[in-house]
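Participant: With the sequence up front, the predicted model follows.
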Amino acid sequence: RTLGSKMAAASETNVQVAHVGKKKKVAPKRYWEHSQKDSKEDIQTEGVKPKRLGHAQGTRAQQRPRPVKTKRKNDIGKFVSGKKDPFPGKAPIPKEKLKQFKRGEKNELSSVTHRGLKDSLTLSEAASDLAQSQAARYNLLLPEDAGFLEGDEDEDTCTIEQGDISEAVDITSGAKYFNLVLSQFGPYRLDYTRTGRHLLLGGRRGHVACMDWHSKQLLCEMNVMETINDVKWLHSEAMFAVAQKKWLHIYDSLGVELHCVKKFNDVLRLQFLPYHFLLATSSATGFLQYLDVSVGKEVAAICTKLGRLDVMSQNPQNAVIHLGHPTGTVTFWSPNQKEPLVKMLCHRGGVRSIAIDKTGTYMVTSGLDRKLKVFDIRALRPLQSYSLPAGATCLSMSQRGLLSACAGDTVQVYQDVIGTTVRKPYMAHKVRGSVWGAQFCPFEDVLGIGHGDGFTSMIVPGAGEPNFDGLDSNPFRSVKQRQEWEVKALLEKIQPELIGLEPAKLGEVDKATWDMRHQERVERLGFDPLAKEKFKPRMKTKGRSSSANVEKRKKKVAHEDQRELIRQTVEARMEQQKEKKVTAIGQRSALDRFKK
């Protein structure tokens with residue numbers, strides 16, 4: 001043996017001695033793991049010619065690692081042919097599109113001292129910027145565009161009749177104009193679901209019907225044998241509420257009565273808050289009540305003390321309820337307060353109807369003084385004022401900003417009422433009987449009108465939003481998708497305590513100073529925990545703790561506290577005198593030397 005082999009043998013013996021009893025398990029080799037050299041030696045020892053040498057070479061080729069191709073910096077933006085990309089990187093996003101999808105003002109992180117809070121705010125800002133840029137970039141992929149009705153030269157669009165429009169458009173769009181003759185149980189109130197697929201009708205004389213108005217399929221029809229004041233869909237097309245003469249009733253889509261809520265009596269108007277699962281009702285006795293539909297519990301009952309409440313609307317941005325009163329005032333309400341958030345005088349006569357746009361920025365009101373006014377809710381001031389020949393009884397705003405005003409048996413639709421002064425209506429239509437309710441259908445160019453002779457579906461080009469959010473309100477969702485959406489909506493339900501005028505304040509950083517927090521703590525506890533404790537003299541022996549000595553010691557401590565107060569007041573006076581002298585130097589007169 002050579003020296004190297006001896007040393008290797010010695011090292012092997014040492015390893016075996018050190019690890020006695022700990023035998024290392026070695027996995028058996030597979031047939032493809034044998035090298036070509038071993039296979040040659042085995043074949044030569046056996047005296048057989050190597051027949052499958054190519055197979056061994058193939059296995060060696062399979063074991064050989066493949067080289068990983070890495071892109072060089074100079075190769076970025078190049079094609080296979082060697083040409084450079086004339087537009088490298090992502091396409092730029094227009095600033096107008098970014099402003100359209102802006103998610104409020106950014107938080108000032110310089111004033112945040114907490115490290116964890118600062119990191120979380122930084123991550124949330126980055127996620128918000130990413131969502132804004134992606135929404136602006138993918139906005140190009142929206143398939144539909146909104147359009148409006150345009151007339152020929154010297155032709156007003158308000159003179160075009162519905163029959164001419166239905167004949168000019170395609171068959172599917174033309175079928176959206178129809179009349180339901182229901183003269184026996186009218187006039188009718190109506191409501192569309194948030195998806196715009198289903199229609200709910202409620203006649204004054206007890207007739208209730210719900211249908212899929214796209215396919216004209218009737219879901220249920222019944223007569224409750226009682227006066228109906230209003231009808232409203234709940235969170236989905238499976239349930240709806242009916243404000244009957246005595247109490248509030250809840251039905252399902254088959255017409256089966258689910259609940260009779262006797263706490264809600266003499267209800268006149270209904271509004272449903274979809275993200276809070278709250279049903280708001282206004283009654284003839286002046287009460288505003290909130291019902292949590294998810295648990296069947298009354299959240300709040302507010303006595304407004306403002307008389308009969310037959311005019312109600314909701315702000316879709318912050319879920320604040322707007323009520324109109326016979327005194328010409330409009331009040332804003334939240335279930336968290338017993339007093340109105342805002343009370344503003346809008347008309348000289350009683351308020352007849354209220355409509356709010358989908359952004360929650362503008363409010364349109366009509367009153368008995370025959371005025372139609374547009375208000376900016378942010379500044380609480382009027383923007384436009386129009387005089388109508390007859391006061392509008394029903395107002396409704398579409399998703400694209402069109403306003404419908406109904407007076408008697410006439411329905412007029414106005415375009416761009418908020419931005420400019422309108423001289424003439426965009427469209428007009430006449431129905432049979434007086435109008436009792438009107439509402440634009442979501443995601444459709446349709447205006448539903450309930451009147452004394454039944455129901456009319458009117459085509460209004462450019463009224464609906466052409467693109468819908470499939471995760472929020474999908475008109476073509478299946479039963480399974482509706483069930484999954486309902487579960488997610490219940491998990492993400494917003495509590496009624498968060499309803500307020502400015503919901504964006506919930507995401508802001510609390511910058512309260514230490515003094516403000518300390519003052520709130522004192523008001524909450526009823527005493528100041530950091531206040532200086534009163535001096536209590538220590539008991540001494542040999543007659544030194546007599547009542548006279550104790551009082552003397554208390555007076556000494558009291559004098560020390562008084563000295564600090566006196567010193568602070570004297571310093572403040574000295575500073576004031578110095579300021580007066582500085583200001584008086586430049587305004588001296590000759591008679592100042594006679595002053596004492």
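Facilitator: Arrived safely, thanks for sending. Only a predicted model underlies this, so the values are computations on that prediction, with no experimental measurement involved. Residues are numbered from 1 along each chain as shown.
Participant: got the contact list for the residue lying closest to residue 351 once chain neighbours are set aside?
Facilitator: Spatial nearest neighbour of residue 351, chain neighbours left out: residue 324 (3.1 Å); criterion: C-beta to C-beta, 6 or more residues apart in numbering. Bear in mind the C-beta positions are built from the backbone N, C-alpha and C, glycine included. Residues in contact with residue 324 (C-beta atoms under 8 Å, 6 or more residues apart in numbering) are 311, 312, 330, 346, 350, 351, 352, 353, 354, 365.
Participant: hmm, try it at 10 Å
Facilitator: Taking C-beta atoms under 10 Å, 6 or more residues apart in numbering, we find residue 324 in contact with 269, 282, 306, 309-313, 330-331, 346-347, 350-354, 365-367.
Participant: In strands, which of those residues fall?
Facilitator: If you go by DSSP state E, these have 269, 282, 311-313, 330-331, 351-354, 365-367 in strands.
Participant: Now tabulate the residues you listed in TSV and tack on neighbour count.
Facilitator: Output for the ones in strands among the contacts of residue 324, formatted as TSV (neighbours: other C-beta atoms under 10 Å):
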residue	neighbour count
269	22
282	27
311	23
312	21
313	23
330	23
331	19
351	23
352	22
353	22
354	20
365	27
366	28
367	23
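Participant: Tell me the one of these nearest residue 556?
Facilitator: residue 331 (61.3 Å; C-beta to C-beta).
Participant: and residue 403, how many residues sit next to it?
Facilitator: Neighbourhood size, residue 403 [other C-beta atoms under 10 Å]: 26.
Participant: for the helix or strand containing residue 372, what is the average pLDDT?
Facilitator: Assigned by DSSP states H and E, residue 372 belongs to strand 371-376. For strand 371-376, the mean per-residue pLDDT is 95.
Participant: Now the element after it, going C-ward?
Facilitator: Assigned by DSSP H and E, the successor of strand 371-376 is strand 381-387.
Participant: still on that earlier bit, in the strand holding residue 372, what's buried?
Facilitator: 371, 372, 373, 374, 375 (16 or more other C-beta atoms under 10 Å).
Participant: before we move on, what about stretch 335-350?
Facilitator: Buried-residue list, stretch 335-350, by 16+ other C-beta under 10 Å: 335, 340, 341, 344, 346, 347, 350.
Participant: Could you export those residues as TSV, including distance to residue 443?
Facilitator: Listed next are those as TSV, based on distance: C-beta to C-beta, whole Å:
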residue	distance to residue 443
335	29
340	33
341	31
344	32
346	31
347	33
350	34
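Participant: Surely residue 172 and residue 214 touch.
Facilitator: Yes. The criterion here is C-beta atoms under 10 Å, and residue 172 meets it with residue 214 at 9.2 Å.
Participant: of those two, who's got more company?
Facilitator: A count of neighbours by other C-beta under 10 Å puts residue 214 above the other of residue 172 and residue 214, at 16 against 8.
Participant: Quick check: that one vs residue 199, distance?
Facilitator: Residue 214 sits 9 Å away from residue 199, going by C-beta to C-beta, to the nearest Å.
Participant: Show me what the strand holding residue 372 is in contact with.
Facilitator: 328, 330, 344, 346-349, 353-357, 361-367, 381-388, 391-392, 395, 403, 405, 414, 417-419, 422.
Participant: chain center to the lengthiest helix in the chain, what's the gap?
Facilitator: In the chain, assigned by DSSP state H, the helix with the most residues is helix 547-585. Chain-centre distance of helix 547-585: 57 Å, with C-alpha atoms, centre = their mean, to the nearest Å.
Participant: Report the buried residues of it.
Facilitator: Neighbour-count burial for helix 547-585 [16+ other C-beta under 10 Å]: 550, 553.
Participant: Remind me what that helix packs against, helices and strands.
Facilitator: Using 3 or more C-beta pairs under 10 Å, 6 or more residues apart in numbering; DSSP states H and E, no helix or strand is in contact with helix 547-585.
Participant: Let me know the average pLDDT across it.
Facilitator: pLDDT averaged over helix 547-585 gives 79.
Participant: Quick one: residues contacting residue 313.
Facilitator: 269, 271, 320-324, 330, 353-356, 363-365, 395-397.
Participant: Give me the nearest residue to residue 362, chain neighbours excluded.
Facilitator: Using C-beta to C-beta, 6+ apart, the nearest residue to residue 362 is residue 418, at 5.2 Å.
Participant: got it, and residue 112?
Facilitator: Nearest to residue 112 is residue 118, by C-beta to C-beta, 6+ apart, at 4.7 Å.
Participant: Please, which helix or strand holds the one you found?
Facilitator: Here residue 118 is covered by helix 115-138, with elements defined by DSSP H and E.
Participant: Grab the two from the buried residues of stretch 335-350 that are most spread out in space.
Facilitator: It's 335 and 347 that sit farthest apart of the buried residues of stretch 335-350, by C-beta to C-beta, at 26.4 Å.
Participant: can you tell me which residues contact the most centrally placed residue in the chain?
Facilitator: With distances taken as C-alpha atoms, centre = their mean, residue 317 lies nearest the centre of the chain, 6.5 Å away. For residue 317, the contacting residues are 356, 357, 358, 359, 360, 361, 377, 501, 503, 504, by C-beta under 10 Å, 6+ apart.
Participant: ok, the first one to residue 376 distance?
Facilitator: Between residue 356 and residue 376 the distance, using C-beta to C-beta, works out to 12 Å.
Participant: related to what we said a few turns ago, secondary structure class of the residue nearest to residue 362, three-state.
Facilitator: Three-state call for residue 418 (DSSP: H, G, I helix; E, B strand; the rest coil): coil.
Participant: burial count for it?
Facilitator: 18.
Participant: do the same with residue 316
Facilitator: Neighbour tally, residue 316, other C-beta under 10 Å: 15.
Participant: Please tell me I have it right and it contacts residue 356.
Facilitator: Yes. Assessed by C-beta under 10 Å, residue 316 is found in contact with residue 356 at 7.0 Å.
Participant: need the strands for the stretch 451-596 of the chain, in chain order.
Facilitator: 454-459 (DSSP state E, counting those that start in this stretch).
Participant: Give me the residue ranges of it where confidence is low.
Facilitator: Residues of the stretch 451-596 of the chain meeting the criterion pLDDT under 70: 509-512, 532-535, 558-559, 561, 582-590, 592-593, 595-596.
Participant: Under the pLDDT cut-off, which ranges of the stretch 51-200 of the chain? List them.
Facilitator: 51-82, 143-144.
Participant: one more time with 90
Facilitator: Across the stretch 51-200 of the chain, the stretches falling below the confidence threshold (pLDDT under 90) are 51-126, 128-158, 186.
Participant: now the helices for it?
Facilitator: Using DSSP state H, counting those that start in this stretch, the helices of the stretch 51-200 of the chain run over 53-63, 95-100, 115-138, 162-168, 171-174.
Participant: For residue 530, find the nearest of those.
Facilitator: With C-beta to C-beta as the criterion, residue 530 lies closest to helix 115-138 of the helices of the stretch 51-200 of the chain, at 25.0 Å.
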